[in-house]
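>>> Here's a sequence, model it:
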Amino acid sequence: MSVTTQIRELQATLPKDVTLVAVSKFHPVEAIREAYEAGQRIFGESRPQELAAKVPQLPKDIEWHMIGHLQTNKVKMIAPFVALIHSVDSERLVAEINRQAEKCGRTIDILFEVHLAEDESKSGWDTSELKEFLASGAMAQFPNVRPRGVMTIGTLTDDIELNKKEFLTLRELFEELRSQFGPDFDTVSMGMTSDYKEAIECGSTMVRIGSMIFGERVY
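Below you'll find the model as predicted:
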């Protein structure tokens, strides 16, 4: 199936309150342009260098999301244009995003990445660490960062019940934290090609879908 067909099918079948991030990492500019022409405007990339190289080649109204692990020394590459950083996993990274956002005269939206998967290699805050950090009031030092919600990557498994458990845990955490941030805190980013339907059932408001749209990645 073509990129256009896949995008239109997803747009037609996703619930109205769920945002689609088309994960375009490792895919060429031509494929992104095809998805754009089919009506898609939000794209997710995982490597700052690749993202920075693609931006000037594509339409200005694309909303770029950083979804991969982000090193503090790479924040400056994406700070001038990134719309949302999904993978914020430490206070150090929050501080650097704030610093670079201030330099650009911007406020950058972020999601707190929470580690719920059984895979130890995944990044993210431990739930208790994140709650402790937010309860401390430390976010007040970072006026150029706007928390929008939470994100997780489910365990890579055929056990869909395990994934659902992780997704429900993230949704519960989101509800708990929302009282601290008010109406701007509105995003639960969870669910990819293999598990997005279950993630939506469990309260996802944003799904990150790549291979279903663009086919398998060319590394």
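
>>> give me the number of residues near Thr13?
Close neighbours of Thr13, defined as other CB atoms under 10 Å, add up to 9. No exception for glycine: its C-beta is placed from N, CA and C like everyone else's.

>>> what does the one 4 residues further on give?
Taking other CB under 10 Å as the criterion, the count of residues near Asp17 is 10.

>>> Excluding covalently adjacent residues, which one is nearest to it?
Thr205 (6.3 Å; CB to CB, 6 or more residues apart in numbering).

>>> Roughly how far does the one you found sit from Thr72?
Separation of Thr205 from Thr72 (CB to CB, to the nearest Å): 28 Å.

>>> who has more neighbours, those two?
Thr205 (19 against 14).

>>> Go ahead and confirm the more buried one touches Lys16.
No. Thr205 lies out of contact with Lys16 (CB atoms under 8 Å); the separation is 10.9 Å.

>>> where in this protein is pLDDT low?
Residues of the chain meeting the criterion pLDDT under 70: 217-219.

>>> immediately after the lengthiest helix in it, which helix or strand?
Secondary structure of the chain per DSSP state H: the longest helix is helix 160-181. Going down the chain from helix 160-181, the next helix or strand is strand 187-189, by DSSP states H and E.

>>> CA-only coordinates of the next helix or strand after that next one, as CSV, when you get a sec.
Under the assignment DSSP H and E, the closest C-terminal helix or strand after strand 187-189 is helix 196-201. Below are the C-alpha coordinates for helix 196-201, written out as CSV (Å, rounded to 0.1, in the frame of the first residue of the first chain):
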residue,chain,number,x,y,z
TYR,A,196,-1.6,1.6,19.1
LYS,A,197,-5.1,0.1,19.2
GLU,A,198,-4.6,-1.2,22.7
ALA,A,199,-2.9,2.1,23.7
ILE,A,200,-6.0,4.0,22.5
GLU,A,201,-8.2,1.7,24.5
